[in-house]
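Asker: this is a predicted model, with the sequence first.
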Amino acid sequence: MTATATAGRITARIPTLLAAEEVSKYYGADGSHVLVLDRITLELRDGEFVALLGPSGSGKSTLLRILAGLLSPSSGEVRVHGEPLRGVNPFAAMVFQSFALFPWLTVLQNVELGLLHKRGLKSEERRQRALAALDLVGLDGFEHAYPRELSGGMKQRVGFARALVREPEMLFLDEPFSALDVLAAENLRGDLLDLWLARKIPTRAILMVTHNIDEAVTLADRLLIFSANPGRIRAELPGLPLAERLSKGQTHAELVDTIYRIMTNPREEIERLLPQARILQRPAAPTSPVLPHADVGELTGFLERLTALGGREDLFELARDLQLEADELLPLVEAAQLLEFTRVEEGDVVLTETGRTFATADLLQRKELFRQIVAERVEWIREIVWTLRVAPRHRQAEDWIVRRLEEHFSPAEARRQLETAIEWGRYAELFAYDEHSGILYLEENGA
């Protein structure tokens, strides 16, 4: 550890293990590329647990893979211990959202895979290290079991053991608890925190991508909040003291609420509302209109519940009431705002008169109101309708529309945008879709 003089006294400087400097990532040719990450700068320091939060499509997992050396940045640089990263990060191990276990290998053999990069390591030493890692995560006794014999929580423990057996300096977690049921996730989350706080693992820093705001507030020393399209680090918040994190009292709830307010107010002056947040980058004006990935049925239920609650509710309380994670609630909030059914005011979602009319209308009235608003306000659906009107026989293949969307989005996001547009357009009866042929068409022309 180094030291530096400040105002006449010596203060410790915490070593930086990893740094991203103006990292950007885009797909496609330089002339018409789709920007996914925009000039990301961050540091991961010794002894800290950092959480990356943000809406779907904000590039959090892409950034994690760049820091792990699994992807290359389009511009900018990643440094590890001050040196440029070339290839896979040798100081990091990753736990993924999916369990990613080989079903034909035993638990022990799956964990030993984490040591294949250690050339010259004898088989018995590899076995002993794998057994020690399994013991660390509470899976001793399951060494010779196969993945099919394990619950979801136990499978993810194997994933943690496979990462920890490498004795990584940095542990990267990509939504590691999201595929688990609530109790299994809570149990594994608590065990990880115990191992980290007790320094029972050699890991010097943890970087976690999560969509669970409560989880991030419980675990992290520092929280970085992303905005999307393109992905930028919008704000940085300090974590709570450990006792306040674990007690989940008033300060815990207030920080969760603060993060909801930042994530649902992309254009609001967050500095004025939340002076404790350090603003790093302004959210960019969207490079193209983004359609929130919200199911119409879930959106309707969301508005009905908000109506039943009196038309105004705190976002954090609403998430708990509906038992939704942030990644599930935020698209509903964004869709409701886009359609002018709600607005967000200082952390509360407020039902508009239009939203109340929609929530209390009968089925046919709802569909007609939805049709009118979507045709007026949703640009991608308007463009699809226009494309069908001028197309031969008023028909168009979905692949043609996907290619059009890929001028603005990554291939995966372009497909998701089309899927949401198709659902909304069919519900509004603006066009029809034949899944077998992949053809969109105007209803009056038949299939």
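Answerer: Sure, I can see it. Numbering: from 1, shown residues only.

Asker: got a list of what residue 423 touches?
Answerer: Applying Cβ atoms under 8 Å, 6 or more residues apart in numbering to residue 423 gives the contacts 295-296. Where you see a C-beta, it was placed from the backbone N, CA and C, and this is true even at glycine.

Asker: same question for residue 252.
Answerer: When contacts are counted by Cβ under 8 Å, 6+ apart, residue 252 touches 217-218, 240, 244-245.

Asker: mind checking which of those are in strands?
Answerer: Within those, no residue falls in strands by DSSP state E.

Asker: most neighbours among those, please name it.
Answerer: Neighbour count (other Cβ atoms under 10 Å) singles out residue 217 as the most crowded of the contacts of residue 252, with 25 neighbours.

Asker: my guess is that one contacts residue 258. True?
Answerer: No: proximity of residue 217 to residue 258 does not meet the contact threshold set by Cβ atoms under 8 Å, at 9.3 Å.

Asker: quick one: low-confidence parts of this structure?
Answerer: Within the chain, the stretches falling below the threshold (pLDDT under 70) are 1-12, 29-32, 117, 119-120, 265-289, 444-447.

Asker: can you list the domains in it?
Answerer: 12-279, 288-375, 378-447 (automatic domain parsing).

Asker: what are the ranges of the helices in the stretch 301-447 of the chain?
Answerer: Across the stretch 301-447 of the chain, reading from the start of the chain, the helices by DSSP state H, counting those that start in this stretch fall at 315-322, 326-338, 353-360, 363-377, 379-390, 398-405, 411-427.

Asker: these: which one's closest to residue 76?
Answerer: helix 411-427 (21.4 Å; Cβ to Cβ).

Asker: C-alpha coordinates for that closest one, PDB please?
Answerer: Output of helix 411-427 as PDB, limited to C-alpha atoms (Å, rounded to 0.1, in the frame of the first residue of the first chain):
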ATOM      1  CA  PRO A 411     -28.600  -7.900 -33.000                       C
ATOM      2  CA  ALA A 412     -30.000  -9.300 -29.700                       C
ATOM      3  CA  GLU A 413     -31.700  -6.000 -28.800                       C
ATOM      4  CA  ALA A 414     -33.100  -5.500 -32.300                       C
ATOM      5  CA  ARG A 415     -34.800  -8.900 -32.000                       C
ATOM      6  CA  ARG A 416     -36.200  -8.000 -28.600                       C
ATOM      7  CA  GLN A 417     -37.500  -4.600 -29.900                       C
ATOM      8  CA  LEU A 418     -39.300  -6.400 -32.700                       C
ATOM      9  CA  GLU A 419     -40.900  -9.000 -30.300                       C
ATOM     10  CA  THR A 420     -42.200  -6.200 -28.100                       C
ATOM     11  CA  ALA A 421     -43.500  -4.200 -31.100                       C
ATOM     12  CA  ILE A 422     -45.300  -7.300 -32.500                       C
ATOM     13  CA  GLU A 423     -47.000  -7.900 -29.200                       C
ATOM     14  CA  TRP A 424     -48.100  -4.300 -28.800                       C
ATOM     15  CA  GLY A 425     -49.100  -4.000 -32.400                       C
ATOM     16  CA  ARG A 426     -51.200  -7.200 -32.400                       C
ATOM     17  CA  TYR A 427     -52.900  -6.200 -29.200                       C
END
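
Asker: redo the helices of the stretch 301-447 of the chain as a markdown table? Include distance to residue 206.
Answerer: What follows is the helices of the stretch 301-447 of the chain, written out as a markdown table (distance: least, Cβ to Cβ, whole Å):
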| stretch | distance to residue 206 |
| --- | --- |
| helix 315-322 | 25 |
| helix 326-338 | 20 |
| helix 353-360 | 41 |
| helix 363-377 | 42 |
| helix 379-390 | 38 |
| helix 398-405 | 36 |
| helix 411-427 | 27 |
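
Asker: what is the burial count for residue 412?
Answerer: Residue 412 is flanked by 11 other residues according to other Cβ under 10 Å.

Asker: which residue packs closest to residue 140, ignoring adjacent ones?
Answerer: residue 134 (5.7 Å; Cβ to Cβ, 6 or more residues apart in numbering).

Asker: thought that neighbour was touching residue 112?
Answerer: No: using Cβ under 8 Å, residue 134 is not in contact with residue 112, being 10.2 Å away.

Asker: more neighbours, those two?
Answerer: A side-by-side neighbour count of residue 134 and residue 112, using other Cβ under 10 Å, places residue 134 first with 25 against 21.

Asker: for the more buried one, helix, strand, or coil?
Answerer: The three-state assignment at residue 134 reads helix, by DSSP: H, G, I helix; E, B strand; the rest coil.

Asker: if I look at it, how far off is residue 161?
Answerer: As judged by Cβ to Cβ, to the nearest Å, residue 134 and residue 161 stand 5 Å apart.

Asker: so what sits against both of the two?
Answerer: Common neighbours of residue 134 and residue 161 (criterion: Cβ under 8 Å, 6+ apart): residue 111.
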